[in-house]
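Chemist: Give me the fold of what follows.
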Amino acid sequence: MNEETSANGVQEEEQSTGDVLQIRRRKLDELRAAGKDPYAVTKYDVTAYAAVIKEKFEEYENKTVSVAGRLMSRRDMGKANFIDISDSTGRIQAYVRIDDVGEETFEDYRKWDIGDIIGLEGFVFRTRRGEISIHAQKLQLLCKSLLPLPEKYHGLTNTDLRYRQRYVDLIMNPDVRETFYKRSRIISETRAFMESRGFLEVETPMLHNEAGGANARPFITHHHSLNIDLYLRIALELHLKRLIVGGSTVCTR
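Modeler: As a prediction, this is how the structure comes out:
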């Protein structure tokens, strides 16, 4: 899907998921037959990230960097392409030209699909339109994506699908990814605040042999080895009180 044309010239957005999967599996088989199995790549050295390059462009301009991320779009202009790569910090544009990466690499690259994870090495520059980009000199396929990403213009809007496939939601929706980052940082700061005041973090059991949580309806499961019913933990008060009785200054989780 997205801005991509498959090997037979038909855009993936006009094909069913089953057809796309079949085409991509065939491409994977061809890569393996040629001794270029992307799943065999276990290490790639990254020297810079998209957001940092954009934020500190003056430091990175004309310097060679190595980035890795998911191929999100491709603008094909024959022997030169503009592509967008998304890493853990955001997106950055790259310029790929056959004269710079070589014919063999460029032909391999033309067979890659939107969603594939790639490695790219090149120098940082600003385009005529003012967009900070990377002029590619080396390319490497790091991981093959067998399933297409959601359609470009509407993204992942199905709420049920978003919650069932949060990994796709994180790929397509930067705001959701930023929420995950913020939550992690908030928890980290809260933990540091409590620890700086002498509190200990204690992990408590998730399953209890007695239902707790006031009027909340308990979730019940059966422990076959012990032949007893157990209840999913709802509240932490009982454990907290027991630890305080034991003489500990704690925060439980």
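
Chemist: Strands of the chain, start to end?
Modeler: In the chain, the strands defined using DSSP state E lie at 64-76, 80-87, 90-97, 117-126, 132-143, 200-202, 207-208, 220-223, 228-232, 250-252.

Chemist: Domain boundaries for this structure, per the record?
Modeler: 12-154, 156-186, 198-252 (automatic domain parsing).

Chemist: Redo those domains as JSON lines? Include mean pLDDT and distance to residue 192.
Modeler: (Each C-beta comes from the backbone N, C-alpha and C, glycine too.) Converted to JSON lines, those look like this (pLDDT from 0 to 100; distance: least, C-beta to C-beta, whole Å):
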{"stretch": "domain 12-154", "mean pLDDT": "91", "distance to residue 192": "22"}
{"stretch": "domain 156-186", "mean pLDDT": "85", "distance to residue 192": "11"}
{"stretch": "domain 198-252", "mean pLDDT": "83", "distance to residue 192": "11"}
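
Chemist: Out of the ones you listed, which is the most enclosed?
Modeler: domain 12-154 (a mean of 16; mean count of other C-beta atoms under 10 Å).

Chemist: Pretty sure residue 80 sits against residue 95.
Modeler: Yes: using C-beta atoms under 8 Å as the test, residue 80 is close enough to residue 95 to be in contact (7.0 Å).

Chemist: any idea of the angle the longest helix anywhere in the chain forms with strand 80-87?
Modeler: Across the chain, the longest stretch assigned as helix under DSSP state H is helix 174-195. If you take axes from the mean of the first three to the mean of the last three C-alpha atoms, to 10 degrees, helix 174-195 sits at 30 degrees to strand 80-87.

Chemist: one step back: as TSV, the strands of the chain with distance to residue 39 would be great.
Modeler: Below are those laid out as TSV (distance: least, C-beta to C-beta, whole Å):
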stretch	distance to residue 39
strand 64-76	15
strand 80-87	20
strand 90-97	23
strand 117-126	11
strand 132-143	7
strand 200-202	38
strand 207-208	37
strand 220-223	37
strand 228-232	37
strand 250-252	41
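
Chemist: Nearest to residue 165, out of the ones you listed?
Modeler: With C-beta to C-beta, the closest approach to residue 165 among the strands of the chain belongs to strand 64-76: 15.2 Å.

Chemist: partners of that closest one in the sheet?
Modeler: Here strand 64-76 is paired, per DSSP bridges, with strand 80-87 (antiparallel), strand 117-126 (antiparallel).

Chemist: what angle separates the shortest one from strand 90-97?
Modeler: Yep, that's strand 80-87 we're talking about. Using the same axes, to 10 degrees: strand 80-87 against strand 90-97 is 150 degrees.

Chemist: again, but for the longest one
Modeler: The directions of strand 117-126 and strand 90-97 differ by 80 degrees, with the same axes, to 10 degrees as the criterion.

Chemist: How much space separates residue 69 from residue 159?
Modeler: Taking C-beta to C-beta, to the nearest Å as the criterion, residue 69 is separated from residue 159 by 27 Å.

Chemist: swap that for residue 16, please
Modeler: Residue 16 is 23 Å from residue 159, by C-beta to C-beta.

Chemist: closest to residue 57 out of the strands of the chain?
Modeler: The nearest among the strands of the chain, by C-beta to C-beta, is strand 132-143 at 5.3 Å.
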